[in-house]
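A.B. asks: Fold the following for me, if possible:
(chains A and B)
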Amino acid sequence: MNLVRSELLKIRTTSTWWIFGLITVPLWALAMAFNWLQTEALANGDFGEVSADQADQIDAVRDVANLAANIYTNGQFFGLLIVMLLGIVVVTSEFFHQTVTTTFLTAPHRTAVMMAKLIAAGVLALLFWLGTTLLNLAVGPLILNATDVGAHLGDGAVWRAVALNGLAYLLWSVLGVGLGVLIRSQIGATVTGILLYLGGAIGAAIAIGLLAAKFGDWINQLQLLVPSLASGLMVSGTDIPGNPPRWAGAAVLIGYAVVAGAIGVLTIRRRDIS
Amino acid sequence: MSDGQRSPSAGTGQIVVSGLTKQYKNVRAVDNLSFTVEPGRVTGFLGPNGAGKTTTLRMLLNLVTPTAGTATIGGRRYADLTDPLHSVGAVLEASSAHKGRTGINHLRVICAAAGLPRQRADEALALVGLTPAAKRKFKGYSLGMKQRLGIAAAMLGDPQVLILDEPANGLDPEGIRWMRGFLKGLATEGRTVLVSSHLLSEMQLLADDVVIIAAGRLVRQGPVDQVIGSMAHGGRVRVRTPQADELVAALREQSATVDADGHGALVVTGVDAPTVGRVALAAKVELHELTTERPDLEGVFLELTAGKAEIR
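C.D. replies: Presented below is the predicted three-dimensional model:
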């Protein structure tokens, strides 16, 4: 418990957290503007002639609960990236500033230190989630009412999506901590993290889309294995036909987080600090 | 805090290094090293660059895993100490704080992790005279202030044992004098103080005991005077006289060895200064200088580590 307090104090006494917080706000606003346009298009748009399969998918996406859930989890795309980077910084800044020596002198039990770091990064991630969600709950109903979808604040599917969104924030911060241990260099880990996240999301989505067109729909199931797509799947407001179920996305992401955390802890236990 | 409140895990505070070895890929940084460090004394840990001093200290502190051997503090390995900051304070790198964090917050972070009360941070800062810079960020600190902050961090838990790696690096003469008084004071209180350094003149002023290593191996250990006295040329006498030939003849009768030093003086070994004076008086030789040359730590160190300091 002392170690967690110490880790939270480390975060609080440097400027990283509020700089990242400041970056998050305009990104959130940008995402909200985009989602507003998308919601409007989906709620009122006419999609013309489409195949039966696509019609099913579009209907699922157009489902009002899904549209509302999408708005209430707004900011997720960049938010997850930010909390992963914070997780990275929690570890790599110790190597960058050589404070890791003092940290392990104060607490020679390295497993306990790493657990404290995971918890502290998780707490920070949940705070980011909480802040974003409060903003969404304040602005979301205005947009949903304006687009005739309705606020849907009484809808279970909406709250499930918001909760799963929180889980995603938590898991990405854990992934960040694990990555930070594996790649001690602050710049190296940050670049790798961003590439993994953005490249993973966009690159893999394109690749899977192309492969699915060539080899059939079963390829779509593979998107489960890409962390960023798995988390996207996990927080999609409702199950979409043709995509893997949401719980599978959650399971995969939890798996990645557990593996990353475990590798991080085991690696740091053996490493010589010199 | 009084001695009575000190954690029993530090025990007597004696440091015992036994058969300690660290093998890196191609280099045996520390090779079967054994020595002890006693409480109540300042022990200088000396060696040429790359001798394995830092690696040894890091193995002692559980930061580096030894290939073989053990290092204990008060009979326990560092990792087994129940309350490490209360037992051992260590200063390893001057620059080991987050650059964007203030000095006081650096100490508060450590206090939180060790379960120490917050005001210990203020007390430790006052102890090293850094209170005016408490709220300044670490990146604005001078090298000397960074060293002081490191010492403050080491003193947070009021430890029985102090371990410092090159603490005089970057200190100005005033800072070095402060550090000398501070460390001597801690030893007087009965604490164990182990200081690594390659500043030999400083060590001669500071240390009671020395442990000299080279190429990862122990070269000599003991009280400073003994180590210096153990060298063959202990007690050289320098003499200046206008009647050199007569004095040389008289001294050789006393089976002393006499050499010219090339600057007009004679260097006498085998007899002490009073004997030289008595011989000169008996031979009615006029003396202009008569001094005993104590070999200093630097001379002894260079002699002991000669040829062992090569890059490995």
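A.B. asks: drop to CA atoms for contacts and neighbour counts, all remaining ones
C.D. replies: Will do.
A.B. asks: residue ranges for the helices of the stretch 101-250 of chain B, please.
C.D. replies: For the stretch 101-250 of chain B, the helices defined by DSSP state H, counting those that start in this stretch occupy B:103-114, B:119-127, B:143-155, B:173-188, B:200-206, B:224-229, B:244-253.
A.B. asks: got TSV for those helices, with distance to chain A, mean neighbour count and mean pLDDT too?
C.D. replies: Formatted as TSV, the helices of the stretch 101-250 of chain B follow (distance: least, C-alpha to the nearest C-alpha, whole Å; neighbours: other C-alpha atoms under 10 Å in any protein chain shown; pLDDT from 0 to 100):
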stretch	distance to chain A	mean neighbour count	mean pLDDT
helix B:103-114	5	25	94
helix B:119-127	13	19	94
helix B:143-155	9	25	91
helix B:173-188	20	16	92
helix B:200-206	25	17	87
helix B:224-229	30	17	83
helix B:244-253	57	16	88
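A.B. asks: and A:His152, that's in a strand?
C.D. replies: No. Assessed by DSSP: H, G, I helix; E, B strand; the rest coil, A:His152 does not belong to a strand; its assignment is coil.
A.B. asks: give me the element the nearest residue to it once chain neighbours are set aside is part of.
C.D. replies: Nearest residue to A:His152 in three dimensions, chain neighbours excluded: A:Ala68, at 6.5 Å (C-alpha to C-alpha, 6 or more residues apart in numbering or on different chains). Assigned by DSSP states H and E, A:Ala68 belongs to helix A:64-72.
A.B. asks: For that helix, what is the distance to the chain centroid?
C.D. replies: 17 Å (C-alpha atoms, centre = their mean, to the nearest Å).
A.B. asks: Mind giving me the packing neighbours of the helix or strand where A:Val258 lies?
C.D. replies: Assigned by DSSP H and E, A:Val258 belongs to helix A:246-270. The helices and strands touching helix A:246-270, judged by 3 or more C-alpha pairs under 8 Å, 6 or more residues apart in numbering or on different chains; DSSP states H and E, are helix A:110-146, helix A:156-182, helix A:227-235.
A.B. asks: B:Thr55 is nearest to which of those helices?
C.D. replies: The closest of those to B:Thr55 is helix A:110-146. By C-alpha to C-alpha, the value is 19.2 Å.
A.B. asks: Residue nearest the middle of chain A, spatially speaking?
C.D. replies: Geometric centre of chain A, nearest residue: A:Leu80, 3.1 Å, by C-alpha atoms, centre = their mean.
A.B. asks: In stretch B:130-139, which residues are buried?
C.D. replies: Residues of stretch B:130-139 classed as buried by neighbour count (16 or more other C-alpha atoms under 10 Å in any protein chain shown): B:130-131, B:133-134, B:136-139.
A.B. asks: Out of those residues, which comes closest to B:Leu61?
C.D. replies: Among the buried residues of stretch B:130-139, and counting by C-alpha to C-alpha, the member closest to B:Leu61 is B:Phe138, at 24.5 Å.
A.B. asks: Distance of the closest one relative to B:Ala168?
C.D. replies: Separation of B:Phe138 from B:Ala168 (C-alpha to C-alpha, to the nearest Å) stands at 19 Å.
A.B. asks: pretty sure B:Val258 is touching B:Val268, no?
C.D. replies: Yes. With contact defined as C-alpha atoms under 8 Å, B:Val258 reaches B:Val268; the gap is 4.6 Å.
A.B. asks: So between these two, which is more surrounded?
C.D. replies: B:Val268 (25 against 19; other C-alpha atoms under 10 Å in any protein chain shown).
A.B. asks: The more buried one: helix or strand, and which one exactly?
C.D. replies: Assessed by DSSP H and E, B:Val268 sits inside strand B:266-269.
A.B. asks: OK, contacts around B:Gln221?
C.D. replies: Residues near B:Gln221 by C-alpha atoms under 8 Å, 6 or more residues apart in numbering or on different chains: B:35, B:209-212, B:227.
A.B. asks: go on, B:Leu287?
C.D. replies: B:239-242, B:280.
A.B. asks: I'd like to know which of those residues are buried.
C.D. replies: Buried among the contacts of B:Leu287 (16+ other C-alpha under 10 Å): B:239-241, B:280.
A.B. asks: Would you pull up how far stretch B:164-175 lies from the middle of the chain?
C.D. replies: Counting by C-alpha atoms, centre = their mean, stretch B:164-175 comes out at 12 Å from the chain centroid.
A.B. asks: Just the CA atoms of it, as CSV, please.
C.D. replies: Written as CSV, here are the backbone C-alpha positions of stretch B:164-175 (Å, rounded to 0.1, in the frame of the first residue of the first chain):
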residue,chain,number,x,y,z
LEU,B,164,28.5,6.1,-0.7
ASP,B,165,29.9,5.7,-4.2
GLU,B,166,32.3,8.5,-5.1
PRO,B,167,30.5,11.1,-3.0
ALA,B,168,33.2,13.7,-3.5
ASN,B,169,32.7,13.8,-7.3
GLY,B,170,31.7,17.3,-8.4
LEU,B,171,32.0,18.8,-4.9
ASP,B,172,33.9,22.1,-4.5
PRO,B,173,36.6,22.3,-1.7
GLU,B,174,34.0,23.7,0.7
GLY,B,175,31.6,20.8,-0.1
